[in-house]
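> Make a model of this:
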Amino acid sequence: MNTTIDEAEADWSSEGADEGEDETAIDEDDRSFFSDQSTDDTEEEEEDHSIQHQNDEYIIDEAHEGDNDWDESSARYYRFLSIASLSCILVVLVISFGYQMIKLRDTLQNAIDNEKTRSTTSSGSNSRILLDMLASDPSQSKPKQSTDPITAQSEDYVMPRDATRIYTHASLTSKNYRAGGILSDDMLKRYERDGVLVIRNLVPPKLLDRLNEAGNLLIGKQELEQKGRRKGKQFHLVHNGAIFLGVPSPEDSTCNIDAEQCDATQSIDQVDNTTVLSSFRDLAMYSKIPRVAASLLRLDELRVGGVEHLREQSRKRTNHAREYRKRINDSINLRICRDIFLTKDNDPYACGWHVDDTGFWPSVAEDPGVNAWIALDDMPWPNAENRNSSVATFALSLGSHRVPWRHEAYHVTGSTHTQPPEGFQSAADLIERRTGSGTCNIKTSAPDLYRKLEERKVVYDLKRGDVIFHDRWVFHRTVTVDEYSRMAGIQQKESSESNDKIFKRYSIRYSPGTARVPPGFGFELSALYNFDNANSTLDEIVERDGPFYPKVWPHVLKRKPNDRGYYEEIDGLTELVQSKIPLAEKIQKERKKEVNMLLSARGRVD
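Next up is the predicted model:
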């Protein structure tokens, strides 16, 4: 039994061993299978990873390429911005450098002018060149303070050493805010001190050409009418009211200067009236000259309520615009009081030191004024460096409008200051009560005053188009060809080439619209056309009878209401020129004839 059991256990053990071997074999087979399966899966996974890695690398490469494209575009953009910024900075630097160079040039030019004038005045041999600009009395080195509140000077006034300075319009900077950027505060102070300011390049070259043509036309007309030159006259030609030339007639004549059918004696207003003769009006009314004159009279300050408002930009700000407009005084304006085209030949006669009387400046003595004297020919300084021949030019006595002895000079020359407040009552009253011995005769009637005026004399180196602005009460005179020859040391033989030359100049006298025409007996056309215009302001006369005194500042064409509705003030020129002025000229001619007859009778009696 036991044996059987043992045998059974042995068999079971053997079977178990066999089963164990079989299981082991199965496990090994399974491991081999799963190992092969795992290897296959690993290879597939590695292949998938490889493919995914390649895909990732491809995507990354595409992303990098996109980044590179964006970086390159951005780099180009920033390079452009950098270049543009540097260019703007460079432009600003160049402009700033140019501005500083202009300022440096003006400073150096001023210093050179001062040095030249000092060296010239210190040399006795060159004193002729400065035309005795400084007095030789050493006591004048320290001017005394005058008790005159108006002059604040005395007879020991010292002539400014840089008196011959000529300002060039093109060199002025934007800081020169007056007159539209033409005047600086320094120029204004110089003018008020000396009474004179000279500016170059203020008149356009094309307008100068037209003025030259117009002047030659007037000269030719006069020589045709007079059949040659007349001697013993202060000027070769005097044409008052040149601004009224070239005004179209109602018939609008088509006569042309070159047309053979035009009669030589035909009215000069019918000859090329739109392009040639109108040049005087264009210069006097529409150029930059009126703006300068208004600033020199400080009308620009008065109009806006004070100098502190001149630089305001409040027009651009809505909240300040109303206040700005309230300050503007539209009643303040500038008008042409008188304009004259003048020519001077080699005639030795010329008016001596004087200020313009009512015949050439028709307003009372209390009214201010600025004369714009324009050289229409070159008139060089009388020195050996730049003169080719003798010329007839212009001399001014600097500071003479402020000296305390000016009233004595007014009396000697019979200036407007000496006329009775009520005016002269007749031609006989004018002859009897006028003081002095004539406007032009101070050299013989008051030699001491003539010497004082000569000590302040200055002559400028003028080019065609230069404008001399001078105060109404600055004494001035013509320099004849003979005198110029003596100053420049030119022998008579050398100056003979100037014998046939005629030197042109144009003078425009500007006054505020509040200036009054003198009362009483006189020769002013507006007062002769309407006697009520005597002792009236220029504004009142224009309102009543038309533009005898055209407005030139702050604007020329200003619409305003009257009985006929709205009209342009300047529109009345045609009627004025065609009917009103000719009527007044007839009365003026009769009055002058009356005065000449009384003078002749007085001469025979004496």
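> average pLDDT across stretch 429-438?
The predicted model assigns stretch 429-438 a mean pLDDT of 89.
> Can I get it in CSV? Just the C-alpha atoms.
What follows is stretch 429-438, C-alpha atoms only, in CSV (Å, rounded to 0.1, in the frame of the first residue of the first chain):
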residue,chain,number,x,y,z
ASP,A,429,-0.7,187.1,-46.4
LEU,A,430,1.5,184.1,-47.3
ILE,A,431,4.2,186.4,-48.7
GLU,A,432,4.1,188.8,-45.8
ARG,A,433,4.0,186.5,-42.9
ARG,A,434,6.2,183.6,-43.9
THR,A,435,9.4,183.6,-42.0
GLY,A,436,13.0,183.3,-43.2
SER,A,437,14.5,183.8,-46.6
GLY,A,438,13.3,180.7,-48.4
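> Would you indicate which residues of it are buried?
For stretch 429-438, burial by neighbour count (16 or more other C-beta atoms under 10 Å) applies to 430, 434, 436. Placement of C-beta: from N, CA and C, glycine included.
> quick one: contacts of that stretch?
411-414, 418-420, 424, 444-445, 521, 595, 598-599, 602 (C-beta atoms under 8 Å, 6 or more residues apart in numbering).
> if you look at the buried residues of stretch 429-438, which of them are in helices?
residue 430 (DSSP state H).
> now the buried residues of stretch 429-438 as CSV including distance to residue 455?
Shown next, in CSV, are the buried residues of stretch 429-438 (distance: C-beta to C-beta, whole Å):
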residue, distance to residue 455
430, 33
434, 28
436, 21
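> With respect to residue 453, which of the buried residues of stretch 429-438 is nearest?
residue 436 (14.8 Å; C-beta to C-beta).
> Tally up the residues packed near the nearest residue to the closest one once chain neighbours are set aside, please.
Distance criterion C-beta to C-beta, 6 or more residues apart in numbering; nearest residue to residue 436, sequence neighbours excluded, is residue 414 at 3.9 Å. Per other C-beta atoms under 10 Å, the neighbour tally for residue 414 reads 19.
> Show the pLDDT at residue 414.
pLDDT, residue 414: 92.
> Looking at the buried residues of stretch 429-438, which one is closest to residue 350?
residue 436 (18.0 Å).
> what are the ranges of the strands in this structure?
Here the chain has its strands, by DSSP state E, at 167-168, 196-200, 237-240, 334-344, 370-375, 393-397, 457-458, 467-471, 476-479, 503-512, 551-553, 559-562, 565-568.
> Just put those in JSON lines and tack on mean pLDDT and distance to residue 355.
JSON lines is the format used below for the strands of the chain (pLDDT from 0 to 100; distance: least, C-beta to C-beta, whole Å):
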{"stretch": "strand 167-168", "mean pLDDT": "82", "distance to residue 355": "24"}
{"stretch": "strand 196-200", "mean pLDDT": "94", "distance to residue 355": "13"}
{"stretch": "strand 237-240", "mean pLDDT": "92", "distance to residue 355": "17"}
{"stretch": "strand 334-344", "mean pLDDT": "96", "distance to residue 355": "13"}
{"stretch": "strand 370-375", "mean pLDDT": "97", "distance to residue 355": "10"}
{"stretch": "strand 393-397", "mean pLDDT": "93", "distance to residue 355": "10"}
{"stretch": "strand 457-458", "mean pLDDT": "92", "distance to residue 355": "15"}
{"stretch": "strand 467-471", "mean pLDDT": "97", "distance to residue 355": "9"}
{"stretch": "strand 476-479", "mean pLDDT": "94", "distance to residue 355": "8"}
{"stretch": "strand 503-512", "mean pLDDT": "96", "distance to residue 355": "11"}
{"stretch": "strand 551-553", "mean pLDDT": "93", "distance to residue 355": "22"}
{"stretch": "strand 559-562", "mean pLDDT": "49", "distance to residue 355": "34"}
{"stretch": "strand 565-568", "mean pLDDT": "52", "distance to residue 355": "35"}
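> Student question: in this structure, what's the helix or strand with minimum average pLDDT?
The weakest-scoring helix or strand in the chain, judged by mean pLDDT, DSSP states H and E, is strand 559-562 (a mean of 49).
> follow-up on the earlier one: switch the strands of the chain over to TSV; also include mean neighbour count.
Listed next are those as TSV, based on neighbours: other C-beta atoms under 10 Å:
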stretch	mean neighbour count
strand 167-168	18
strand 196-200	23
strand 237-240	17
strand 334-344	23
strand 370-375	24
strand 393-397	25
strand 457-458	21
strand 467-471	25
strand 476-479	21
strand 503-512	24
strand 551-553	23
strand 559-562	9
strand 565-568	10
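> Mind putting those strands into CSV with distance to residue 293?
Formatted as CSV, these follow (distance: least, C-beta to C-beta, whole Å):
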stretch, distance to residue 293
strand 167-168, 15
strand 196-200, 10
strand 237-240, 19
strand 334-344, 6
strand 370-375, 4
strand 393-397, 16
strand 457-458, 21
strand 467-471, 7
strand 476-479, 17
strand 503-512, 4
strand 551-553, 7
strand 559-562, 22
strand 565-568, 22
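> Residue 581 is nearest to which of those strands?
strand 237-240 (10.3 Å).
> residue ranges of the helices in the stretch 501-606 of the chain, please?
With DSSP state H, counting those that start in this stretch as the criterion, the stretch 501-606 of the chain has helices at 525-529, 538-545, 573-575, 581-605.
> swap that for the stretch 251-400 of the chain, please
279-286, 289-296, 299-304, 318-327.
> Now do the second one and strand 467-471, the angle between them.
Read it as helix 289-296. Helix 289-296 runs at 30 degrees relative to strand 467-471, counting by axes from the mean of the first three to the mean of the last three C-alpha atoms, to 10 degrees.
> mean confidence score for helix 289-296?
Rounded mean pLDDT across helix 289-296 is 94.
> ditto for the longest one
Mean per-residue pLDDT for helix 318-327: 52.
> low-scoring stretches of the stretch 351-500 of the chain, by residue?
Within the stretch 351-500 of the chain, the stretches with pLDDT under 70 are 383-388, 491-499.
> Kindly report the same for the stretch 501-606 of the chain.
Ranges of the stretch 501-606 of the chain meeting pLDDT under 70: 557-568, 603-606.
> Residue 542 contacts residue 536, correct?
No. Residue 542 lies out of contact with residue 536 (C-beta atoms under 8 Å); the separation is 9.8 Å.
> Which residue of those two possesses the greater neighbour count?
residue 542 (22 against 19).
> Residue 569 versus the more buried one, what's the distance?
7 Å (C-beta to C-beta, to the nearest Å).
> Return the closest of the contacts of stretch 429-438 with respect to residue 246.
Out of the contacts of stretch 429-438, the member with the shortest distance to residue 246 (by C-beta to C-beta) is residue 595, at 31.1 Å.
> excluding its backbone neighbours, what's nearest the closest one?
residue 427 (4.8 Å).
> This completes my enquiry, with thanks.
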